[in-house]
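S.K.: build me a model from this:
(one chain, ligands or ions: 1)
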Amino acid sequence: MSDEPDDVGTAHPPSRPPDPDTADADTADAGAADAGAADADAADAGVDHDAPRPRRASSPHIPPPTTAPAMSPLAFERLDVGEMRRRAQDLVQHLSSRRSVRAFSTEPIPLDVLDACIRAAATAPSGANKQPWTFCVVTDPALKRRIREAAEAEERAFYGGRASTSWLNDLAHLGTDANKPFLEEAPAIVVLFAQNRSPTGGKHYYISESVGIAAGFFIAALHRCGLATLTHTPSPMAFLSEILGRPRHERAYLLLPVGYPARDCEVPVITRKPLDEVLIRYDAS
Ligand SMILES: Cc1cc2nc3c(=O)[nH]c(=O)nc-3n(C[C@H](O)[C@H](O)[C@H](O)COP(=O)(O)O)c2cc1C
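M.R.: Residues are numbered from 1 along each chain as shown. This is a model prediction of the structure:
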């Protein structure tokens, strides 16, 4: 149980002005790809992405587009305020009832529903619309067993010394340990991979942000469709690339067992931060 990304902080300082849809992400490896993403944090803070910006002498020459982009009218449903409030309340209530599940029933799930949740996730926004994600769905018991065994090996190292004492203290309230039977018990395991470039070598941008948003869509979709999951990160997750035979330009991002909760499933008692701790307003006085 890592519960923390193992590759954050690998970013190097930006060497050129970042731009979410045109920044030249370094895609030599996954960490470097995320460096482009890290640059984005600075870029997204108050930068008008549509504004023309002066070219630096060191910028690569980008020829102007010769044809107008294809556009279509936006399909947008304008709601009355009462309906907006109802939906907002329903959404808060619905999402508040989502919990991470670590004890699954072995009962099969409708795989077409899982596919639909992946389709929903794949509608997520992404840097330059590159959609830098791959969802692998594993239902083969032999593969699930291999994934469980490899994950537990990493987790034994983690709980047995790799994790700092403070980290283990922070995890104590969850009651987790190196045993991950749910990786075999859940009828499906979804491994979400981040692509640091396209299969043909094309560049991807803001990879971590994009895949993180898709993961959020996916988790919300599963919950909406009556399926439970766990956001699992048995770090490092390189074993998943090997077991699933994924290409070098993909790196495992999250491991998500999917199924119904076990009948006797319990979850740790947790609290959410109150709104005034997570929301800061800047209204005109
Ligand atoms: C990026 C990320 C990684 C996580 N990794 C693990 C993990 O490896 N093992 C685990 O049991 N839970 C993991 N979790 C689940 C968190 O512990 C859980 O989301 C948190 O305790 C809040 O509980 P809830 O999901 O039930 O609201 C992870 C969550 C996130 C967002």
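S.K.: can you tell me the centre-most residue of the chain?
M.R.: Nearest to the mean C-alpha position of the chain, by Cα atoms, centre = their mean, lies Gly212 at 2.7 Å.
S.K.: right, and Pro268 touches Gly175 too?
M.R.: Yes. At 5.9 Å, Pro268 counts as touching Gly175 under the criterion of Cβ atoms under 8 Å. Glycine gets a C-beta too; all of them are placed from N, C-alpha and C.
S.K.: if we can go back for a sec, which other helices and strands contact the helix or strand where the residue nearest to the centre of the chain lies?
M.R.: Under the criterion of DSSP states H and E, Gly212 resides in helix 207-224. Here helix 207-224 touches helix 30-44, helix 81-96, helix 111-121, strand 133-138, strand 188-195, strand 228-229, strand 250-259, going by 3 or more Cβ pairs under 8 Å, 6 or more residues apart in numbering; DSSP states H and E.
S.K.: of all these, which one is nearest the ligand?
M.R.: Among the helices and strands packed on helix 207-224, strand 250-259 comes nearest to the ligand, with 6.7 Å by Cβ to the nearest ligand atom.
S.K.: now the closest one: mean pLDDT?
M.R.: Across strand 250-259, pLDDT averages out at 98.
S.K.: tell me the helix or strand right after it.
M.R.: Toward the C-terminus, strand 250-259 is succeeded by helix 275-278 as the next helix or strand (DSSP H and E).
S.K.: picking that back up, looking at the helices and strands packed on helix 207-224, which one has the lowest mean pLDDT?
M.R.: When the helices and strands packed on helix 207-224 are compared on mean pLDDT, helix 30-44 scores lowest, with a mean of 35.
S.K.: ok, back up a step: in the helix holding Gly212, which residues are buried?
M.R.: The neighbour-count check on helix 207-224 (16 or more other Cβ atoms under 10 Å) flags 207-215, 217-223 as buried.
S.K.: pull the most distant pair out of the residues you listed.
M.R.: The largest distance within the buried residues of helix 207-224, taken as Cβ to Cβ, falls between Ile207 and His223 and amounts to 24.7 Å.
S.K.: write out the residues of the stretch 51-200 of the chain neighbouring the ligand.
M.R.: Within reach of the ligand by Cβ under 6 Å from any ligand atom, the stretch 51-200 of the chain has these residues: 99-100, 102, 174, 176.
S.K.: now, which of those residues sits nearest Ser285?
M.R.: Arg99 (39.9 Å).
S.K.: so the closest one touches Val267, yeah?
M.R.: Yes. With contact defined as Cβ under 8 Å, Arg99 reaches Val267; the gap is 4.7 Å.
S.K.: count of residues packed around the residue lying closest to Leu230 once chain neighbours are set aside?
M.R.: Once flanking residues are discounted, Leu230 sits nearest to Ser100: 4.8 Å by Cβ to Cβ, 6 or more residues apart in numbering. Other residues near Ser100 come to 15 when the count uses other Cβ atoms under 10 Å.
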